[in-house]
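Generate coordinates for the sequence data below:
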Amino acid sequence: MENREIDYKTLYEQALLTLSQKENSLLEKENLLIEKQELIEKKEQVIFKYRSELDKLLKIIFGPKKDKLKTSIDSDQLNLFTLGVPEADQAKMGGDGEADSDEETVTVKRKKREKGQGRMTLPETLRKEDVYIEPTESTEGCVVIGEEVTEVLEMKPAEFYVTRYIRKRYAKPNGEGILMGTLPDRAIEKGIPAASTLAQMTVDKYVYGLPLHRQLDKYSKMGVRIPASTASNWLMQGWKTIEPLWELLKEVVLSQKYLQVDETPIKVQDRGHKNNMHKGYMWLYHAPVDRLVLFDYRKNRDRSGPSELLAKFRGVIQTDGYGVYHSLFDQH
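Model prediction:
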């Protein structure tokens, strides 16, 4: 066996070369990772940019009114279907629909008060009560040189009171009978509540969303206890009194030439359904020219509601893509 001398120098140079190659390879990989990381960061910036723009658009479309995009509406848009008189022309019309005099109308833009600047302006239509305050010192020999007025907004709580209709009975001479004054008409014949009470309960419930049980709790604290069943009957009988107004509103709305129709779900208490609740629908018929809205409640979302109300309607209806409208008006 031949003995060879180990060349350590060659081995050392080979090791250095191998190490250098590995370092170069690692350096290339590191540079490649850095490039990929920079590319990822750039893409993330682009994504963030578009996401921010998307959030702004969503806020403009679905956000509160104050955040929505303020756009100027062309006054001729309502003439899209040649319906009615545009609002711009209505402003120049008198009560009989004819144009007023040829005098130019000058619109003065009121400068908006900056937020947080000054005090709130109280309506001029409010009744005013004056309270005069004199100095505690003697004013003898003094001359009035002016006055300082400080306005404070007051409010009186609601109050129950009883109106007593007192009718004297008169006996006619010679036994011809009895005379007595006639009671005024009431919302509920022979009922306790006056029209003002029914009006307040109806407005609180349907306009301001105050449930009946909360109203009754409030009335109880005011000293008047009304059973829930009684109050419910009052509302139902009171509705019959104003039903002719609803019929009149329906006639006016459905006489328009352009309507916007939509429906929205509403939860209704119902002991005959699961969880004592059923899903009803409030159908809305909006007449944008006259700014009127007709509400029509239905227990379901089928075609029976619009089919009944729009049976005699002649004009243009704007709706969403709900299939009921297509089934009713696809041939129109």
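
Roughly how far does Ser304 sit from Glu159?
Separation of Ser304 from Glu159 (Cβ to Cβ, to the nearest Å): 45 Å. (Each C-beta comes from the backbone N, C-alpha and C, glycine too.)

the more surrounded of the two?
Ser304 (12 against 7; other Cβ atoms under 10 Å).

State the distance from the more buried one to Ser327.
Counting by Cβ to Cβ, the gap from Ser304 to Ser327 is 12 Å.

Likewise for Gly191?
45 Å.

quick one, helices of the stretch 51-200 of the chain?
Under the criterion DSSP state H, counting those that start in this stretch, the stretch 51-200 of the chain contains helices at 87-90, 195-206.

Out of these, indicate the one that is most buried.
Among the helices of the stretch 51-200 of the chain, helix 195-206 has the highest mean neighbour count (mean count of other Cβ atoms under 10 Å), at a mean of 16.

I'd like to know which elements the very next helix or strand once past it is packed against.
Under the assignment DSSP states H and E, the closest C-terminal helix or strand after helix 195-206 is helix 212-221. In terms of contacts (3 or more Cβ pairs under 8 Å, 6 or more residues apart in numbering; DSSP states H and E), helix 212-221 is packed against helix 195-206, helix 228-254.

contact partners of the first one?
By that I understand helix 195-206. 158, 186-188, 210-212, 215, 231, 234-235, 238-239, 241 (Cβ atoms under 8 Å, 6 or more residues apart in numbering).

same question, stretch 290-297
Under Cβ under 8 Å, 6+ apart, the answer for stretch 290-297 is 84, 249-250, 252-254, 256, 266, 280-287, 305, 309.

Apply 6 Å and report the result again.
Leu249, Lys250, Val253, Met282, Trp283, Leu284, Tyr285, His286 (Cβ atoms under 6 Å, 6 or more residues apart in numbering).

Just the pLDDT at Pro173, thanks.
At Pro173, the pLDDT value in this model is 90.

separation between it and Thr182?
Applying Cβ to Cβ, the value for Pro173 to Thr182 is 21 Å.

Then Phe313?
Using Cβ to Cβ, Phe313 is found at 43 Å from Thr182.

more neighbours, those two?
Taking other Cβ under 10 Å, Phe313 and Thr182 do not tie; Phe313 has more neighbours (18 against 7).

On the three-state scheme, that one is what?
Taking DSSP: H, G, I helix; E, B strand; the rest coil as the rule, one finds Phe313 in the coil state.

Spatially nearest residue to it (excluding sequence neighbours)?
Closest residue to Phe313 apart from its sequence neighbours, by Cβ to Cβ, 6 or more residues apart in numbering: Leu254 at 5.5 Å.

neighbours around that neighbour, how many?
Neighbours of Leu254 (other Cβ under 10 Å): 18.

And it, what's its pLDDT?
Leu254 carries a pLDDT value of 94.

ok, it touching Gly315?
No: here Leu254 lies out of contact with Gly315, judged by Cβ atoms under 6 Å, at a distance of 9.1 Å.

tell me which helix or strand of the protein sits lowest on mean pLDDT?
Here the helix or strand of the chain ranked lowest by mean pLDDT, DSSP states H and E is helix 87-90, holding a mean of 54.

what stretches of the stretch 1-150 of the chain score poorly on pLDDT?
Within the stretch 1-150 of the chain, the stretches with pLDDT under 70 are 1-5, 63-118.

mind running it again at 90?
1-39, 41-46, 48-124, 139-141 (pLDDT under 90).

Find the nearest non-adjacent residue to Pro211, please.
In space, Pro211 is closest to Lys205, 7.1 Å off (Cβ to Cβ, 6+ apart).

Val224 now?
Phe160 (5.0 Å).

and the one you found, how far is that from Ile242?
Distance from Phe160 to Ile242, counting by Cβ to Cβ: 22 Å.

Same question for Tyr297.
Distance from Tyr297 to Ile242, by Cβ to Cβ: 15 Å.
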